[in-house]
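Undergrad: everything below, folded, please.
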Amino acid sequence: MVRTFVLSKKILIHLFFNSKLNIMKKLLTPLLLVTLVLQGYSQSALTLTQSNVLIPTDTVYLNDVTGLIGSAPTFGTNATWNYTTVTGGTPVSYNYIVLSNDPDFPTAQFKRTNYIKGLTPAVGFYFDQYFEINASGVQAIGMRIPAQQFGLGPFTGNSADSIFILGNVITYSAPRNMVAFPATAGSSWASTVRCVANMELSVASASLNHAPLEEAFYFTRMDTVNGWGTLQEPPVSGYMSDLPVLAVKSAEYCVDSFYLNGSPAPSAVTTPFGITQGQVSGPENYREYLYTVGQFGYQMLYNYTDNTFGSLYSTGGAYMNKSLPVATGISTIDALQLQSGVYPNPVTGTQFSIRSANTADAAEIRLYDLSGRLVQAVQPATYDGRIGVTLTSSLADGMYTYTVSNKEGKIIDHGRFTSAK
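TA: This is a model prediction of the structure:
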């Protein structure tokens, strides 16, 4: 009779470590531990929290890579999105400005400039949106609309007709959730806020001369995490190019109503401009985001033509973030052309060294787990072209990232290593 035995992974590992093949054990144990660490990490989704999403401090640079990636990818569990051959594209940028004690938005930490809000099919106005990152998430809390004027001659035939948009400061009725914390596999969030923009309408044929006009609009946004995995971007020295990401499906739109002299605007006024009461207007976005830790915003963005999420726009259909972060929870690190590394790796105790081109400038070492959580911060010692690190306590088995900062707090080196006792 033939007997079949099924051995669990636990029993197999037990037999391996208790075999007489001590030489093989010494050679293979680090490799086995690293493999198990990587497998364990690849089978769980990252979590976005206040501690690992950063306040943007500068312009965010993107590349429009629509023509380079083809169709939109499939989103799923423990997926891999491989764009290692995607280079180039059309550069674009978004400006973020750090704030402190803005009198209209005292809790705002930063703003993004030059959003566009649709007013008619051919006319829109610019505004800045104000944000804060708190324990609840990345939240938009209000908008400032600078004074703007648009001629209505193409609609009315009278070049003197116009819409004058007054300077508006609008605090949202409730925060708009861009990302709600904690965000991980299975998460979803939504928000709707009401805003009113004050304007003046002048149309000679309707006997309107700076008549009070209001656009009341509801911002609605709905997001769902519909996948997670690893985003692979073109490798660059000094960067992490294999990034853990969350895939988030997002729908965003506005519903507008118009009031003239305090009453709903009649169709005789709205129809000539191609607008209707209750119209859906811009920003109207149907998107997929790939978010990672260690920076603000997304690493990839896919723009769909409609709410079926079936087709990308031919231009502006896919954007790749040009900066590749290290998951430190501190800052997006500039590209560093350094030959650095940790010895020994895996780290087995409380002491190790870092080989770095900037040894003499090292003032602080910070260690992070792969969720972006700060684990330890220590003062380094320097010697013989290396940075000596003595931990306050041993690390749990796993993979970690580190940063080396100078006395001014600027990150001058970074990398990854494994801890295995």
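Undergrad: so which residues of the stretch 101-250 of the chain form helices?
TA: For the stretch 101-250 of the chain, the helices defined by DSSP state H, counting those that start in this stretch cover 153-156.
Undergrad: for the stretch 301-421 of the chain, same thing?
TA: Under DSSP H, counting those that start in this stretch, the stretch 301-421 of the chain gives no helices.
Undergrad: low-scoring stretches of it, by residue?
TA: 324-340, 357, 371, 384-385 (pLDDT under 70).
Undergrad: got it, and the chain?
TA: In the chain (pLDDT under 70), the answer is 1-43, 236-240, 324-340, 357, 371, 384-385.
Undergrad: could you rerun that using 50?
TA: Applying pLDDT under 50 to the chain flags the ranges 1-42, 326-340.
Undergrad: partner strands of the lengthiest strand in it, with direction?
TA: In the chain, assigned by DSSP state E, the strand with the most residues is strand 208-232. In the sheet, strand 208-232 lines up against strand 79-82 (parallel), strand 188-203 (antiparallel), strand 242-260 (antiparallel) (DSSP bridges).
Undergrad: let me see the contact set for the residue lying closest to residue 298 once chain neighbours are set aside.
TA: Spatially, and ignoring its direct neighbours in sequence, residue 298 is nearest to residue 289 (4.2 Å; Cβ to Cβ, 6 or more residues apart in numbering). For glycine as for every other residue, the C-beta is placed from the backbone atoms N, C-alpha and C. Residue 289 sits next to 247-248, 250, 298, 300-302 when contact means Cβ atoms under 8 Å, 6 or more residues apart in numbering.
Undergrad: picking that back up, so which of the strands paired with strand 208-232 is the most packed in?
TA: strand 242-260 (a mean of 20; mean count of other Cβ atoms under 10 Å).
Undergrad: just flag the most distant two among the contacts of residue 289.
TA: 250 and 300 (12.8 Å; Cβ to Cβ).
Undergrad: can you tell me the closest non-neighbouring residue to residue 156?
TA: Closest to residue 156 by Cβ to Cβ, 6+ apart is residue 203, at 5.9 Å.
Undergrad: isn't that neighbour up against residue 161?
TA: Yes: using Cβ atoms under 8 Å, residue 203 makes contact with residue 161 at a distance of 4.9 Å.
Undergrad: which neighbours do the two share?
TA: residue 152.
Undergrad: pairing partners for the helix or strand the residue nearest to residue 298 falls within, with directions?
TA: In this structure, residue 289 sits in strand 279-291 according to DSSP states H and E. Strands that pair with strand 279-291, judged by DSSP bridges, come out as strand 242-260 (antiparallel), strand 298-304 (antiparallel).
Undergrad: neighbouring strands - and their directions - for the helix or strand that the longest one is followed by?
TA: Proceeding N to C from strand 242-260, the next assigned helix or strand is strand 263-264, under DSSP H and E. Strand 263-264 has these partner strands in its sheet, going by DSSP bridges: strand 242-260 (antiparallel).
Undergrad: just the C-alphas of the strand it pairs with, formatted as PDB.
TA: The C-alpha coordinates for strand 242-260 follow below in PDB (Å, rounded to 0.1, in the frame of the first residue of the first chain):
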ATOM      1  CA  ASP A 242       9.000  48.900  -7.500                       C
ATOM      2  CA  LEU A 243       6.300  50.600  -5.500                       C
ATOM      3  CA  PRO A 244       3.400  49.200  -3.400                       C
ATOM      4  CA  VAL A 245       0.300  50.900  -4.600                       C
ATOM      5  CA  LEU A 246      -3.500  51.100  -4.000                       C
ATOM      6  CA  ALA A 247      -5.700  51.300  -7.100                       C
ATOM      7  CA  VAL A 248      -8.600  53.700  -6.400                       C
ATOM      8  CA  LYS A 249     -11.600  54.200  -8.700                       C
ATOM      9  CA  SER A 250     -13.000  57.700  -8.500                       C
ATOM     10  CA  ALA A 251     -16.000  59.600  -9.900                       C
ATOM     11  CA  GLU A 252     -16.300  63.300  -9.500                       C
ATOM     12  CA  TYR A 253     -18.800  65.800 -10.900                       C
ATOM     13  CA  CYS A 254     -20.800  68.900 -10.200                       C
ATOM     14  CA  VAL A 255     -24.500  69.600 -10.400                       C
ATOM     15  CA  ASP A 256     -25.400  73.300 -11.100                       C
ATOM     16  CA  SER A 257     -28.300  75.600 -10.500                       C
ATOM     17  CA  PHE A 258     -28.500  79.300 -11.400                       C
ATOM     18  CA  TYR A 259     -30.300  82.100  -9.600                       C
ATOM     19  CA  LEU A 260     -30.900  85.600 -11.000                       C
END
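Undergrad: ok now it, how far from the chain's centre?
TA: 14 Å (Cα atoms, centre = their mean, to the nearest Å).
Undergrad: and stretch 79-92, by the same measure?
TA: 16 Å.
Undergrad: pull out the buried residues from that stretch.
TA: 79, 81, 83, 86, 89 (16 or more other Cβ atoms under 10 Å).
Undergrad: you'd agree the last one is up against residue 64?
TA: Spelled out, it's residue 89. Yes: in this structure residue 89 lies within contact range of residue 64 using Cβ under 8 Å: 5.2 Å.
Undergrad: and the closest residue in space to residue 376 that isn't next to it in sequence, what does it touch?
TA: The shortest distance from residue 376 to any non-neighbouring residue, by Cβ to Cβ, 6+ apart, is to residue 367 (4.8 Å). For residue 367, the contact set (Cβ under 8 Å, 6+ apart) comprises 374-378, 391, 395, 400-402.
Undergrad: for the buried ones among those residues, write the corresponding PyMOL selection.
TA: Buried members of the contacts of residue 367, defined by 16+ other Cβ under 10 Å, are picked up in PyMOL with:
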select buried, resi 375+391+395+400+401+402
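Undergrad: what sits against residue 261?
TA: Contacts of residue 261 by Cβ under 8 Å, 6+ apart are 211-212.
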